[in-house]
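Q: Sequence and predicted model, in that order:
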There are 2 protein chains.
Amino acid sequence: MKFFDGGVTAAKGFRAAGVPAAIKYPGRRDVALVVADRPCACAGVFTTNAVAAAPVVYDREVVKGGVAQAILANSGCANACTGPDGYKAARESAAKTAATLGIDPKHVLVASTGVIGAPLPVDRLLKGMIQAAGELASTREAAKNAEAAVMTTDTKPKEAAVRVKIGGKTVTVGGMCKGSGMIEPNMATMLGFITTDCAISAPMLRRALKLAIAVSFNHVVVDGDESTNDSVFLLASGEAGNAPIVRAGKDFDAFVEALTAVGVALAKQMAADGEGATKFVTVTVKGAKTQRDADRAARAIAKSPLAKTSWFGKDPNWGRVLAAAGYSGAKVNDREAEVFYGKTWAYRKGRVADAAQLKRLTKELEGDTLVVTVDLHLGAFESTIYTCDFSLDYVHINADYTT
Amino acid sequence: MKFFDGGVTAAKGFRAAGVPAAIKYPGRRDVALVVADRPCACAGVFTTNAVAAAPVVYDREVVKGGVAQAILANSGCANACTGPDGYKAARESAAKTAATLGIDPKHVLVASTGVIGAPLPVDRLLKGMIQAAGELASTREAAKNAEAAVMTTDTKPKEAAVRVKIGGKTVTVGGMCKGSGMIEPNMATMLGFITTDCAISAPMLRRALKLAIAVSFNHVVVDGDESTNDSVFLLASGEAGNAPIVRAGKDFDAFVEALTAVGVALAKQMAADGEGATKFVTVTVKGAKTQRDADRAARAIAKSPLAKTSWFGKDPNWGRVLAAAGYSGAKVNDREAEVFYGKTWAYRKGRVADAAQLKRLTKELEGDTLVVTVDLHLGAFESTIYTCDFSLDYVHINADYTT
């Protein structure tokens, strides 16, 4: 498996575009279109928020069918908490997209991100969609335009692509995503579109996505707010020409590995670009008694405002890390536990860092990446969460977002 | 029942003091002593954090005995994650306090708040304790000195007192507390000391405290970080002369009502003085299908960094409030739900605030108090959480706390 420069158009059979349509502000790309040459096997994973946005409600039905050919996405408006009108807007934009592209309306997915509670400006969206349909291409530039069009408070476009040999054929998996705030356990204000030319059945595709998401998108935490709009779509064109994957085995494992690699690469980019982030932080809890304990403790640390602000302040206040593990619900014995920043220990089974050691810890906090490790020494389970620090800019950004 | 100006020395039989002992910084009061004239019935509630500080581990044993006569408290050092030495320090300071006061060492409670992982400076603490023992008084000034001595990032001392008739006698309940950051569901970096002259058995006192805490201290949220040190102590001297309360009934109910009133008053003061807070926010979720749903949804809203920063920014981004209810795990149907800021509706069963309504909502955000109400219209259950907004100062305060 090899990473290379690429995104949602890296795999054979996919084109994309991103155009400005003044959804919220004029002059920036805010409508993206991703289209496959032929109907694809598809899978999707969505927010578990009980307040799901209209496009999520709509897409769940599409994904049940297991086939999709296009994704219409917009930034600037989430089309969430918009009632029956919001659902109609989602359905209408899918239908018009299908008509424009000459494809089955049941094969169009829609995705929105932005402010909750504002009505979707369908006219402008559809005008943008028609323009985007005229600009569809499989070039790097087209992929990058699509990436730009889904950005909200993101400061960077996000993409990843890998190639892998499956049954003697070269299979490509490529993807794009957005997500900066409202990022939590079960995904994020996160839109992820992944395409592949792997030949694989819809049920196996679904299974692969579930496995990949579990250790990638679902292990990103920015602020602990789970969005109404989180969606990850995976479309498989089958054009790589491999023997179709229809059951578990070597080929399936190779595909899951490639998909997971793309998912983790995208997840890390989201965490690093968390709203206001000055640091990309990897939190690993090991030595947990159960997998659930490892997950809980790692998430609690990654979500703790006190730990996150201390990372921002380059303050080696490791006690907040251990305290968060303590209230996570995981079994923790502070006489057994160890805390490390990078390779420097902060706390060892009751022994605390002295002044010289605190100086070394402060050094670990100086870079733009930080690895926090807690070893509970109670068992064999481990979990890693990708996150970021909590800065003044997070508050700036979120204190003044809709207005 | 009537509120009046008073604190931990309001009830008959209690004296207090607060002195500077340079625990962390010189020149500020940081050691508090609360002493009863005679051994009291006592009850205590502690953090559920698995990483409990040494004083919490020590006090749990004292409280099991049901009798206490003194509380020694310090700010500037939490004596948490300090291993066996930390426990020894807690035990030794309790023993020395007992010797100084001439009371039973099993009747001394200890409490610490401040930085985690730093060793407790026992010598300075005990010097302060001896000075405080010499200054014990039942005056307003003495109570205020004790309140000042437990403050960390608190900007204001916190106290409340009520008088109530029980069995024809006047019973007083008074208390003090501290708590500003690390404040979450199951209490907080919160120390609460409540005294009463009510005659009541230890088992009934325990029951009363549990009931009062459930709707007061346990309904405060600042940042969602549950501390290692949370402790609430309740001491009853019996000097009011009422017929001792030994079972449920009218007298017990009157006492619980008074205790709850003091608890809620202290809880509100903590929320209003949350780290960096510019607004005291009351979040009420009603119409929930179950009590658990009401609690979960209210807590999720109160903890949401996105909701909290929008309150700080005076931004009527009510969608974040509804989204938080949505991911709380509570049953929410956004076609049934309503959201209010003050008495102004933001969202009504699918109908969203237009520009004129948003203007009205912005007005509600201008004061230093805000009432957020979500009516789920799914049942009869209700829950209220006391919280605050999330400001730039929260990050300032917590990015640079230990160093």
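A: Nice, I can see it.

Q: May I see the buried residues of the biggest helix by length in chain A?
A: Using DSSP state H, we find that the single longest helix of chain A is helix A:250-272. For helix A:250-272, the neighbour count (16 or more other CB atoms under 10 Å in any protein chain shown) marks A:251-252, A:254-272 as buried. Yep, even glycine has a C-beta here, placed from its N, CA and C like the rest.

Q: now do stretch A:203-216
A: A:Met204, A:Leu205, A:Arg206, A:Arg207, A:Ala208, A:Leu209, A:Leu211, A:Ala212, A:Ile213, A:Ser216.

Q: Report the secondary structure state of the third one.
A: Think A:Arg206. On the three-state scheme (DSSP: H, G, I helix; E, B strand; the rest coil), A:Arg206 is labelled helix.

Q: Next one: it from A:Asn49, what distance?
A: 21 Å (CB to CB, to the nearest Å).

Q: what's the weakest-modelled helix or strand in chain A?
A: Every helix and strand of chain A was ranked by mean pLDDT, DSSP states H and E. The lowest is helix A:392-399, at a mean of 77.

Q: Give me the angle between that one and helix B:392-399.
A: 160 degrees (axes from the mean of the first three to the mean of the last three CA atoms, to 10 degrees).

Q: Packing partners of helix A:392-399?
A: helix B:305-312, helix B:392-399 (3 or more CB pairs under 8 Å, 6 or more residues apart in numbering or on different chains; DSSP states H and E).

Q: who's in contact with that helix?
A: With contact meaning CB atoms under 8 Å, 6 or more residues apart in numbering or on different chains, helix A:392-399 is reached by A:153, A:181, A:223, A:274-278, A:312, B:305-306, B:309-310, B:312-313, B:315, B:390-392, B:394-396, B:399.

Q: Now do the phi/psi pair for the residue nearest the centre of chain A.
A: Compute the mean C-alpha point of chain A, and by CA atoms, centre = their mean the closest residue is A:Phe217, 4.5 Å away. Backbone torsions of A:Phe217, given as degrees, to the nearest 10, read phi -60, psi -40.

Q: does any part of stretch A:366-380 sit near chain B?
A: No - figure legend: stretch A:366-380 not in contact with chain B (CB under 8 Å from any CB of the partner chain); closest approach 10.1 Å.

Q: buried set for that stretch?
A: If you call a residue buried by 16+ other CB under 10 Å, then stretch A:366-380 has these buried ones: A:Leu370, A:Val371, A:Val372, A:Thr373, A:Val374, A:Asp375, A:Leu376, A:Leu378.

Q: got these as a markdown table, with secondary structure and distance to B:Gly65 columns?
A: Shown next, in a markdown table, are these (DSSP: H, G, I helix; E, B strand; the rest coil; distance: CB to CB, whole Å):
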| residue | secondary structure | distance to B:Gly65 |
| --- | --- | --- |
| A:Leu370 | strand | 45 |
| A:Val371 | strand | 46 |
| A:Val372 | strand | 40 |
| A:Thr373 | strand | 41 |
| A:Val374 | strand | 35 |
| A:Asp375 | strand | 37 |
| A:Leu376 | coil | 32 |
| A:Leu378 | coil | 31 |
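
Q: Can you pull out the low-pLDDT segments for the stretch 151-300 of chain A?
A: A:180-189, A:222-226 (pLDDT under 70).

Q: Run through the strands of it in chain order.
A: A:158-166, A:169-178, A:191-196, A:231-236, A:280-288 (DSSP state E, counting those that start in this stretch).

Q: Can you list the strands that the lengthiest strand in chain A pairs with?
A: Longest strand of chain A, by residue count under DSSP state E: strand A:29-46. Its sheet considered, strand A:29-46 pairs with strand A:14-20 (antiparallel), strand A:67-75 (antiparallel), strand A:231-236 (antiparallel) by DSSP bridges.

Q: out of those, deepest packed?
A: Of all the strands paired with strand A:29-46, strand A:231-236 has the most neighbours on average by mean count of other CB atoms under 10 Å in any protein chain shown, namely a mean of 28.

Q: relative orientation of that strand and strand A:191-196 in degrees?
A: Angle of strand A:231-236 versus strand A:191-196, following the same axes, to 10 degrees, is 10 degrees.

Q: who touches strand A:231-236?
A: A:14, A:34, A:36, A:40-47, A:55-56, A:59, A:63, A:68-69, A:71, A:109, A:111, A:177, A:187, A:190-200, A:205, A:208-209, A:213, A:217, A:259.

Q: swap in stretch A:58-65?
A: Applying CB under 8 Å, 6+ apart, the contact partners of stretch A:58-65 are A:42-44, A:46, A:68, A:87, A:90-91, A:94, A:106-111, A:231, A:233.

Q: on that earlier part again, from the contacts of strand A:231-236, list the buried ones, please.
A: Using 16+ other CB under 10 Å, the buried ones in those are A:14, A:34, A:36, A:40-47, A:55-56, A:59, A:63, A:68-69, A:71, A:109, A:111, A:177, A:187, A:190-200, A:205, A:208-209, A:213, A:217, A:259.

Q: Please convert the buried residues of stretch A:203-216 to a markdown table, extending it with distance to chain B.
A: What follows is these, written out as a markdown table (distance: CB to the nearest CB, whole Å):
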| residue | distance to chain B |
| --- | --- |
| A:Met204 | 30 |
| A:Leu205 | 27 |
| A:Arg206 | 23 |
| A:Arg207 | 25 |
| A:Ala208 | 26 |
| A:Leu209 | 21 |
| A:Leu211 | 23 |
| A:Ala212 | 22 |
| A:Ile213 | 17 |
| A:Ser216 | 20 |
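
Q: got those as TSV, with distance to B:Ala149 columns?
A: Below are the buried residues of stretch A:203-216 laid out as TSV (distance: CB to CB, whole Å):
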residue	distance to B:Ala149
A:Met204	65
A:Leu205	63
A:Arg206	61
A:Arg207	60
A:Ala208	60
A:Leu209	57
A:Leu211	55
A:Ala212	54
A:Ile213	51
A:Ser216	49
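
Q: Give me the nearest residue to A:Ser304, chain neighbours excluded.
A: Once flanking residues are discounted, A:Ser304 sits nearest to A:Ala324: 4.1 Å by CB to CB, 6 or more residues apart in numbering or on different chains.

Q: Which strand or helix spans that neighbour?
A: With secondary structure defined by DSSP states H and E, A:Ala324 is part of helix A:319-327.

Q: Can I get that helix in CSV, CA atoms only?
A: Backbone C-alpha positions of helix A:319-327 (Å, rounded to 0.1, in the frame of the first residue of the first chain) are rendered in CSV as follows:
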residue,chain,number,x,y,z
GLY,A,319,-2.6,16.1,36.7
ARG,A,320,-5.5,17.2,34.5
VAL,A,321,-4.8,14.4,32.2
LEU,A,322,-4.8,11.8,34.9
ALA,A,323,-7.9,13.4,36.5
ALA,A,324,-9.8,13.1,33.2
ALA,A,325,-8.9,9.4,33.0
GLY,A,326,-10.1,9.1,36.5
TYR,A,327,-13.6,10.5,35.8
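
Q: What is it packed up against?
A: helix A:291-303, helix A:305-312, strand A:344-348, strand A:369-375.

Q: Try it again at 6 Å.
A: Contact analysis of helix A:319-327 by 3 or more CB pairs under 6 Å, 6 or more residues apart in numbering or on different chains; DSSP states H and E lists helix A:291-303, helix A:305-312 as its packing neighbours.

Q: Could you dump the buried residues of stretch A:366-380 into JSON lines with pLDDT added?
A: What follows is those, written out as JSON lines (pLDDT from 0 to 100):
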{"residue": "A:Leu370", "pLDDT": "96"}
{"residue": "A:Val371", "pLDDT": "97"}
{"residue": "A:Val372", "pLDDT": "97"}
{"residue": "A:Thr373", "pLDDT": "98"}
{"residue": "A:Val374", "pLDDT": "98"}
{"residue": "A:Asp375", "pLDDT": "98"}
{"residue": "A:Leu376", "pLDDT": "97"}
{"residue": "A:Leu378", "pLDDT": "97"}
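
Q: for those, which one is nearest A:Lys289?
A: A:Leu378 (4.5 Å; CB to CB).

Q: tally of neighbours for the closest residue to the closest one other than its chain neighbours?
A: Using CB to CB, 6+ apart and skipping residues adjacent in sequence, the residue nearest A:Leu378 is A:Lys289, 4.5 Å away. Applying other CB atoms under 10 Å in any protein chain shown, we find 17 other residues in the vicinity of A:Lys289.
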